[in-house]
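Chemist: Sharing a sequence plus its predicted fold:
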Amino acid sequence: MNQKINQKIGILGGGQLGKMLCQAGSRLGLNLHVMEKDESFPAWDVCANFVKGDITAYDDVLEFGKNMDIITIEIENVNVEALEALEKMGKKVYPSPSALNIIRDKGKQKIFYEGMGFPTSEFTVYKSKEAIRNDIDAGVLAFPFVQKLRTEGYDGRGVQVVRASSDPLFESESIVESLVDINKEIAVIVARNPSGQCVTYPVVEMNFHPEANLVEYLFSPSSLSAQDQRIAAELAVSVADELGVVGLLAVELFVDNQGRILVNEVAPRPHNSGHHTIEACYVSQFEMHLRALLDLPLVGTEQVLPAVMINLLGEPDYSGPVIYTNIETCLEIPGVSIHLYGKKTTKPFRKMGHVTVVDTSLDKAITTALKVKELLKVTA
């Protein structure tokens, strides 16, 4: 056991996910190292082994990884070629570069789902906006539809609903999906270790910010039937198994008005839809990711209390040094846990933190969460 725990884990990315991985790892005394560009990133404050480097640069990633036993990520935008080289050296790279190559490209993701027979929305891959315009003009493509950039889209960026010819289109390669008649948006966090053990956290439901296209709040347990929750969890596990992911896989799904459960997209790392697990479950998603990397037992995903998680986003009209209002008032409310990421400046819709509310009933937690949402503001 000590041999497993003493392995050096290198995390590519020093954002809030990297920070929370380090916080979780400290409980087990793990040997964690983070690489990111500079000390402005949240993980700097909590990681004693912070290495300055560019996670998109081949040489930086290779040099960092050479000194590690295990390499993982907190964001998909990393240099995969360097990860491939490290894997060939015998380093444990989780998620594998082959899985990451699929996941970081939304076009490849959709083709993978289709090829594996996983239910997903209808889609077409386009090389340019001109090709999309041509299909619109030819009557092949009808409004409304969803356009997603194939790469580098995250936190709501690179995704838009196109409703009319006058709407602008993304320039780069993209996919176009039919607009699903969505009844619910849900997510399942899957943990999988090298031994093949696979567990899931309870299904969560998500509400999205209408303007930012970000998760505004989520709640768990879900209001879905027990059967639908089981179907969603089994589908998520099947996706993780087929990708061969080690660590966490966050699987976002749609439930349409016909009751179909469709895979939307995945992320091979801790995810916004699992933040509530810090307070609401026996073992948080961050510790579970580290357990999976180290091939430790995956137990403790059960939920202890109903929970609601709110993202703290920068207010629309503010940019500059961050100011948080009404923190003290919110801290006086039982069951409220505030997580500030330590970002020094805010801008519209930037993720600055999150709040988790737990209570003995979901209705009570939702009531408190909506109160906190109105009180706690991020301005400049």
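Modeler: Happy to help now that I have it. Numbers count the residues shown, from 1 in each chain.

Chemist: List the contacts of Val176.
Modeler: The neighbours of Val176, taking C-beta atoms under 8 Å, 6 or more residues apart in numbering as the test, are Phe123, Thr124, Tyr126, Ile132, Leu141, Phe145, Val146, Gln147, Lys148. (Each C-beta comes from the backbone N, C-alpha and C, glycine too.)

Chemist: Grab the two from these that are most spread out in space.
Modeler: Leu141 and Lys148 (14.4 Å; C-beta to C-beta).

Chemist: The nearest residue to Asn311 once chain neighbours are set aside pairs with what?
Modeler: Nearest residue to Asn311 in three dimensions, chain neighbours excluded: His354, at 5.4 Å (C-beta to C-beta, 6 or more residues apart in numbering). His354 has these beta-bridge partners by DSSP bridges: Asn311, His339.

Chemist: close enough to count as contact, His354 and Leu313?
Modeler: No - contact criterion C-beta atoms under 8 Å: His354 and Leu313 do not qualify, at 9.6 Å.

Chemist: related to what we said a few turns ago, pull the contacting residues for the residue nearest to Asn311.
Modeler: Contacts of His354 by C-beta under 8 Å, 6+ apart are Asn272, His275, Met309, Ile310, Asn311, Leu312, His339.

Chemist: give me that answer again for 6 Å
Modeler: If a contact means C-beta atoms under 6 Å, 6 or more residues apart in numbering, then His354 has His275, Met309, Asn311, Leu312, His339 as its contacts.

Chemist: So for it, what's the pLDDT?
Modeler: Predicted confidence (pLDDT) for His354: 97.

Chemist: quick one: it and Leu169, what's the gap?
Modeler: 32 Å (C-beta to C-beta, to the nearest Å).

Chemist: same check, this time on Asn31
Modeler: For Asn31, the distance to Leu169 equals 47 Å [C-beta to C-beta].

Chemist: ditto for Gly13
Modeler: The value you get for Gly13 to Leu169, if C-beta to C-beta is used, is 30 Å.

Chemist: for Thr368, same thing?
Modeler: Thr368 sits 42 Å away from Leu169, going by C-beta to C-beta.

Chemist: From Leu370, how far out is Ala164?
Modeler: 34 Å.

Chemist: who has more neighbours, these two?
Modeler: Using other C-beta atoms under 10 Å as the criterion, Ala164 and Leu370 rank with Leu370 on top: 14 against 7.

Chemist: so that one, which of the three states?
Modeler: Following DSSP: H, G, I helix; E, B strand; the rest coil, we place Leu370 in the helix state.

Chemist: From the rest of the structure, what touches the lengthiest helix in the chain?
Modeler: What stands out as the longest helix in the chain, according to DSSP state H, is helix 226-243. With C-beta under 6 Å, 6+ apart as the test, helix 226-243 has contacts from 99, 116, 188, 190, 192, 198, 200, 203, 222, 249, 251, 253, 261.
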